[in-house]
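Student: attaching a predicted model along with its sequence, questions to come.
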Amino acid sequence: MTYRNALRRALAAVIVLPALAWVAPADAERAPATLAMLDRIAPGQWQVHAREAGGFEGRLCLAEGRPLIQLRHPGQACRQFVVQDEANAISVSYVCGQAGSGLTRIRYENDQLLQIEAQGIAKGLPFSFNAEARRLGNCTAR
């Protein structure tokens, strides 16, 4: 991905995310989202590998799939708004106050493989990445 394309995607996130945050609460009031697809993700150690430079890269020990929503805002208490909640794909917009915001889409391929797309603002800077998450096995003790 070129720098120009990354910048366009990041700028789109700045424009689109506030709109999604404004629309999503009404959707959430109609039917509570369960994000059941995330419950199908097997616990264990997962390797997240970005397809382009500057994306999220690392190993995560997951008890469940919800931490994958906020890879660029780990452990932060953010307001989340479900945009899409289907059997094999979810999209969640989230706002973390001054820490930033994001929009994450996770697609379930199988119990060992996920596709992740994320964009937003973290530490005052735009981010946008596509990544693949593969389950490596059980978590190892440190």
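Tutor: Structure's in. What do you need?

Student: quick one: low-confidence parts of the protein?
Tutor: 1-33, 54, 141-142 (pLDDT under 70).

Student: now do the helix or strand S91 falls within: which elements does it pack against?
Tutor: Using DSSP states H and E, S91 sits within strand 89-95. Strand 89-95 sits against helix 3-30, helix 36-39, strand 79-85, strand 100-110, with contacts defined as 3 or more Cβ pairs under 8 Å, 6 or more residues apart in numbering; DSSP states H and E. Bear in mind the C-beta positions are built from the backbone N, C-alpha and C, glycine included.

Student: partner strands of the helix or strand following the last one, with direction?
Tutor: Downstream of strand 100-110, the first helix or strand assigned by DSSP H and E is strand 113-122. Partner strands and pairing direction for strand 113-122 (DSSP bridges) are strand 100-110 (antiparallel), strand 125-137 (antiparallel).

Student: any idea how far A50 is from S93?
Tutor: Distance check for S93 against A50: by Cβ to Cβ, to the nearest Å, it reads 21 Å.

Student: before we move on, the earlier item: what angle do the strand holding S91 and strand 100-110 make?
Tutor: Note on geometry: by axes from the mean of the first three to the mean of the last three Cα atoms, to 10 degrees, strand 89-95 and strand 100-110 are set 170 degrees apart in direction.

Student: what comes up buried for strand 89-95?
Tutor: Neighbour counts using 16 or more other Cβ atoms under 10 Å place I90, S91, V92, S93, Y94, V95 of strand 89-95 among the buried residues.

Student: which one of those sits closest to Q112?
Tutor: Ranked by distance to Q112 (Cβ to Cβ), the buried residues of strand 89-95 are led by I90 at 17.9 Å.

Student: give the contact list for F56.
Tutor: Contacts were defined as Cβ atoms under 8 Å, 6 or more residues apart in numbering; by that measure F56 touches V48, A50, L71, R72, I116, A118, F129, A131.

Student: quick one: contacts for the second one?
Tutor: By Cβ under 8 Å, 6+ apart, A50 lies in contact with F56, E57, F129, N130, A131.

Student: much appreciated, bye for now.
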